[in-house]
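Colleague: how would this look folded up:
(one chain, ligands or ions: 1)
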Amino acid sequence: MAKDLLKFGIVGIGGRPKAFLSAFEKSGKARLTAVCDINREVMDENTKGLDVEKYTDYEEMLDKADLDAVIVGTPIQLHVSQSIAALKRNIHVFSEVTAGVSIEECKQLVEACKKSKAQYMLGENCNYLRSNMIVGNMIKAGKLGELFYAEGEYNHDCRNLIPKTPWRKTYTYDVAVIRYGTHSLGPILSWFENDRVESVCCVGSNAAVMHTDGKPLGDSTCYIMLCKTEQGRLIKIKNNLTSPRPYGLNYTLEGSLGAFTSYRLEDQQNNPDHIWFEGKSPKTQWEDISLYEEGFVPEIWSTHSGENSTKGHEGADVITMIAFINAVYDGTKVPIDVHMAMDMTLPGLVSQQSIKDGSKWLSVPNSREW
Ligand SMILES: NC(=O)c1ccc[n+]([C@@H]2O[C@H](COP(=O)([O-])OP(=O)(O)OC[C@H]3O[C@@H](n4cnc5c(N)ncnc54)[C@H](O)[C@@H]3O)[C@@H](O)[C@H]2O)c1
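Modeller: Numbering: from 1, shown residues only. Model prediction:
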């Protein structure tokens, strides 16, 4: 007999979580039964035509809606408290990035996960970008050899979002810190399997970009964080949320047998994903990764591609949600558990103290020891 569909709730349906709506039907394993938002108008707008219970109070939804799982898609400072509220009721959690805004509250989240019968997953969608997953499979097959270096860049001018989402200014501009670093670190740590960032050192640029009030936006316009991993690898993270330039979510990876880059090269407008294999690729030229992708496309992408591929971070949003639904439905471990979430989140949080201490190298706590 077929199992019942999982019952899902969403908090923050007025914003980002609408990107996940098509995942329920596509998965064939879940349905959306309840939503919550403090803004009733946007909640109504984003749920037109859907048969769902609606709440303006989150805890009331958790208590009354009989949910198996909840998507936490509210502003970042609410992720930990809302995740804990669900975990206490043994409701599975899919949290938007980042996991938390301080080391202290991250400890509380880990504690709640230990006590709960439910699972917690961080919804780091960049781990599910098609090319990032293909590279992951090439690494597993040994094609890039021993990995030693990676770069992750997040260039996203979010100034226009500040009036509608003032929390962005409070948490990501007004404090010198890489708080929104998981888009960059997430995929890199998925490539560096069984490794974690052990120490970080962070530095900010001058403050060159002005806010609408004519004052500089933040202490620095851009931040660079260097990370050293337990296995001795080096990572460079660039976080830039103000720079007047095109959006850029870029990665570079280097191994003993080859390299990958997703940097959009000027003469290659269409596919930015390039690979280079020693002894195979032309000496001074990157090659389009699609030439080598056969045998490395992950199953989740083969099954759920098509119309997705141009929507929501190139389709990765829906794929990430399907991965979570599959794990909860099948009773297997979620792909990005709370410790992986901490591995992606804590280095950025430690960067705040490193900046304060004049870019001192500082160690990053290991949540498995908490
Ligand atoms: N993974 C990604 O690519 C990606 C992209 C964009 C945003 N995000 C993340 O998604 C989250 C939401 O971002 P956003 O731009 O939609 O922000 P937003 O401020 O628009 O918030 C989303 C919704 O949450 C609602 N809300 C706020 N407080 C609430 C509460 N206490 N209870 C119920 N609802 C509440 C708001 O009314 C709003 O409709 C953030 O954490 C952000 O970091 C992730």
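Colleague: could you list every residue that touches the residue nearest the centre of the chain?
Modeller: The centroid of the chain falls nearest to residue 124 when counting by CA atoms, centre = their mean (2.4 Å). Residue 124 makes contact with 97, 182, 183, 186, 187, 320, 336, 341, 344, according to CB atoms under 8 Å, 6 or more residues apart in numbering. C-betas here are computed from N, CA, C, even on glycine.
Colleague: Tell me which helix or strand the last one sits in.
Modeller: Taking DSSP states H and E as the definition, one finds residue 344 inside helix 338-356.
Colleague: Please write out the alpha-carbon positions of that helix in PDB.
Modeller: The C-alpha coordinates for helix 338-356 follow below in PDB (Å, rounded to 0.1, in the frame of the first residue of the first chain):
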ATOM      1  CA  VAL A 338      22.700  20.200  11.400                       C
ATOM      2  CA  HIS A 339      26.500  19.500  11.600                       C
ATOM      3  CA  MET A 340      27.000  20.100   7.900                       C
ATOM      4  CA  ALA A 341      24.900  23.300   8.400                       C
ATOM      5  CA  MET A 342      27.200  24.400  11.100                       C
ATOM      6  CA  ASP A 343      30.300  23.600   9.000                       C
ATOM      7  CA  MET A 344      28.900  26.000   6.400                       C
ATOM      8  CA  THR A 345      27.600  28.700   8.800                       C
ATOM      9  CA  LEU A 346      30.100  28.900  11.600                       C
ATOM     10  CA  PRO A 347      33.200  30.000   9.700                       C
ATOM     11  CA  GLY A 348      31.400  33.100   8.500                       C
ATOM     12  CA  LEU A 349      30.200  33.900  12.100                       C
ATOM     13  CA  VAL A 350      33.800  33.600  13.400                       C
ATOM     14  CA  SER A 351      34.900  36.000  10.700                       C
ATOM     15  CA  GLN A 352      33.300  38.800  12.700                       C
ATOM     16  CA  GLN A 353      35.800  38.400  15.500                       C
ATOM     17  CA  SER A 354      38.700  37.900  13.100                       C
ATOM     18  CA  ILE A 355      37.900  41.300  11.500                       C
ATOM     19  CA  LYS A 356      37.700  42.900  14.900                       C
END
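Colleague: Just checking, which helix or strand succeeds that helix along the chain?
Modeller: From helix 338-356, the next helix or strand downstream (DSSP H and E) is strand 362-363.
Colleague: Tell me the gap between that next one and the middle of its chain.
Modeller: Mean C-alpha position of strand 362-363 versus that of the full chain (CA atoms, centre = their mean, to the nearest Å) differs by 23 Å.
Colleague: Pull up the pairing partners for that strand, direction included.
Modeller: strand 197-204 (antiparallel) (DSSP bridges).
Colleague: name the element residue 87 belongs to?
Modeller: Assigned by DSSP H and E, residue 87 falls in helix 79-88.
Colleague: Would you indicate which residues of that helix are buried?
Modeller: 79, 80, 81, 82, 83, 84, 85, 86, 87 (16 or more other CB atoms under 10 Å).
Colleague: now stretch 272-282
Modeller: 272, 273, 274, 275, 276, 277, 281.
Colleague: In the residues you listed, find the pair that's most separated.
Modeller: The span of these, defined through CB to CB, is set by 272 and 277 at 18.1 Å.
Colleague: Low-confidence regions, the stretch 101-250 of the chain specifically.
Modeller: Residue ranges of the stretch 101-250 of the chain with pLDDT under 70: none are present.
Colleague: Could you rerun that using 80?
Modeller: 243 (pLDDT under 80).
Colleague: about what we covered before: closest one to the ligand out of the buried residues of helix 79-88, please.
Modeller: residue 79 (6.3 Å; CB to the nearest ligand atom).
Colleague: thought that closest one was touching residue 96?
Modeller: Yes - Residue 79 lies in contact with residue 96 (CB atoms under 8 Å); the separation is 6.6 Å.
Colleague: Please enumerate the shared neighbours of these two.
Modeller: Counting by CB under 8 Å, 6+ apart, the residues touching both residue 79 and residue 96 are residue 72.
Colleague: circling back: quick one: contacts for the residue nearest to the residue nearest to the centre of the chain when sequence neighbours are not counted?
Modeller: The spatially closest residue to residue 124, leaving aside those adjacent along the chain, is residue 186, at 3.8 Å (CB to CB, 6 or more residues apart in numbering). The contact partners of residue 186, by CB under 8 Å, 6+ apart, come to 97, 124, 126, 127, 336, 344.
Colleague: same thing with residue 132?
Modeller: Counted by CB under 8 Å, 6+ apart, residue 132 has contacts 126, 187, 190, 251, 262.
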